[in-house]
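1. just coords:
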């Protein structure tokens with residue numbers, strides 16, 4: 001079915017894991033199992049048919065370098081699991097707006113020069129799908145880039161908790177342009193949110209009333225460092241909290257649920273540690289409590305999900321399906337327009353892939 005031309009906005013750890021993963025599995029057997037992918041060949045597109053077309057950054061360490069080099073430049077600190085060959089894709093100077101918070105300014109120096117012609121680059125490189133990995137809290141920068149994507153005629157996968165795909169205004173804008181979008185805020189393969197969601201669904205399905213719960217996350221990547229600026233956390237907390245509470249058919253009360261990033265521990269690098277506690281009531285009003293700890297490499301944990309989202313977005317372009325893709329957004333993202341249980345959302349994605357959804 002040809003190639004999928006993908007541009008990436010923001011070259012942090014998540015972008016590094018995505019680029020590494022596409023190269024790592026480019027020759028994967030279609031009969032094999034790739035951990036984290038729904039299918040090695042999804043809707044006709046093999047993972048190896050994703051090719052990167054453009055990249056945008058503001059970090060002086062990355063702008064102007066080849067994409068293969070930029071993804072390993074500090075402050076990136078995720079695990080390296082694949083040697084990426086020279087790609088011939090220079091990293092272009094992106095737009096800053098509010099993408100650089102007060103903590104990130106301490107470790108990232110903006111590259112000199114003006115913002116590149118994003119629309120011109122996307123058109124010239126024949127980009128199909130744009131993936132946004134901007135920092136949490138980049139409200140203005142995200143909306144600016146969305147306008148560029150719309151004017152370029154590309155599909156969008158919004159991996160961050162700035163609400164675009166779930167908002168009526170942006171849904172209408174993408175429909176008017178005949179373009180698809182998947183969003184918002186990428187789920188990991190098995191991360192804190194999906195684990196918390198499944199446990200919450202288990203409580204509900206087995207008749208345990210959830211009374212109180214928390215999810216505490218900390219790590220040592222720039223995402224956690226950026227989120228020390230608590231003002232940038234509002235949309236992230238809304239996204240993660242709603243992803244969990246949407247599994248309940250009653251209101252637990254805002255005072256009884258706490259979900260969100262908690263602290264930055266540099267020596268953890270791109271590892272994330274998550275602690276979940278759930279307090280519930282069983283038959284006879286007898287208490288039941290659950291505690292668990294999850295340790296993951298944060299960025300590779302979501303890369304496979306992004307690969308599937310990219311391919312679903314390209315299928316929508318091929319089929320001239322526009323607006324927010326409900327099934328893929330519900331399965332791949334924490335804050336879709338409509339929340340569905342994950343097993344139901346997966347069924348919807350399979351139907352979409354088959355052309356029935």
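-> Right, received. Where do you want to start? This one's a predicted model, so the numbers in the text were calculated from it and none came from an experiment.

2. so, low pLDDT: which residues of the protein?
-> Counting by pLDDT under 70, the chain has low-confidence residues at 357.

3. longest helix of it?
-> helix 300-319 (DSSP state H).

4. state the next helix or strand along the chain beyond it.
-> strand 323-324 (DSSP states H and E).

5. phi, psi for the residue of the chain positioned farthest from its centre please.
-> No residue in the chain sits farther from the centre than residue 284, which is 41.6 Å out by C-alpha atoms, centre = their mean. Main-chain dihedrals, residue 284, degrees, to the nearest 10: phi 80, psi 20.

6. next one: it from residue 278, what distance?
-> 19 Å (C-beta to C-beta, to the nearest Å). (Each C-beta comes from the backbone N, C-alpha and C, glycine too.)

7. same question, residue 17
-> 29 Å.

8. the more surrounded of those two?
-> Applying other C-beta atoms under 10 Å to residue 17 and residue 278 shows that residue 17 carries more neighbours, namely 29 against 22.

9. wait, doesn't the more buried one sit right on residue 300?
-> Yes: using C-beta atoms under 8 Å, residue 17 is in contact with residue 300, at 4.4 Å.

10. overlap in contacts of the two?
-> residue 78 (C-beta atoms under 8 Å, 6 or more residues apart in numbering).

11. buried sites along stretch 347-354?
-> Residues 348, 349, 350, 352, 353 are the ones in stretch 347-354 that count as buried (16 or more other C-beta atoms under 10 Å).

12. pick the one among the residues you listed closest to residue 191.
-> Of all the buried residues of stretch 347-354, residue 191 sits closest to residue 349, with 17.8 Å by C-beta to C-beta.

13. thinking again about what came up before, give the buried residues for the longest helix of the chain.
-> Buried residues in helix 300-319 (16+ other C-beta under 10 Å): 300-318.

14. cool, stretch 204-216 as well?
-> Neighbour counts over stretch 204-216 (16+ other C-beta under 10 Å) mark 204, 208, 210, 211, 213, 214, 215, 216 as buried.

15. can I get those residues in TSV with secondary structure and distance to residue 36?
-> Listed next are the buried residues of stretch 204-216 as TSV, based on DSSP: H, G, I helix; E, B strand; the rest coil; distance: C-beta to C-beta, whole Å:
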residue	secondary structure	distance to residue 36
204	helix	27
208	coil	30
210	strand	29
211	strand	34
213	strand	26
214	strand	27
215	strand	22
216	strand	25
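
16. export those to TSV and tack on distance to residue 196?
-> Below are those laid out as TSV (distance: C-beta to C-beta, whole Å):
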residue	distance to residue 196
204	13
208	15
210	11
211	15
213	8
214	9
215	5
216	11
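
17. now, which of these sits nearest residue 235?
-> Each of these was scored against residue 235 by C-beta to C-beta, and residue 215 proved nearest at 16.4 Å.

18. what's the neighbour count on the residue lying closest to the closest one once chain neighbours are set aside?
-> In this structure, residue 215 finds its nearest non-sequential neighbour in residue 259, 4.4 Å apart by C-beta to C-beta, 6 or more residues apart in numbering. Neighbourhood size, residue 259 [other C-beta under 10 Å]: 23.

19. SS state for residue 259?
-> strand (DSSP: H, G, I helix; E, B strand; the rest coil).

20. residues touching it, list them.
-> Contacts of residue 259 (C-beta under 8 Å, 6+ apart): 193, 196, 213, 214, 215, 237, 240, 241, 244.

21. can I get those residues in a markdown table including distance to residue 264?
-> Below are those laid out as a markdown table (distance: C-beta to C-beta, whole Å):
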| residue | distance to residue 264 |
| --- | --- |
| 193 | 19 |
| 196 | 21 |
| 213 | 23 |
| 214 | 18 |
| 215 | 17 |
| 237 | 16 |
| 240 | 17 |
| 241 | 20 |
| 244 | 22 |
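
22. stretch 28-36: which residues count as buried?
-> Of all the residues in stretch 28-36, those buried under the rule 16+ other C-beta under 10 Å are 28, 34, 36.
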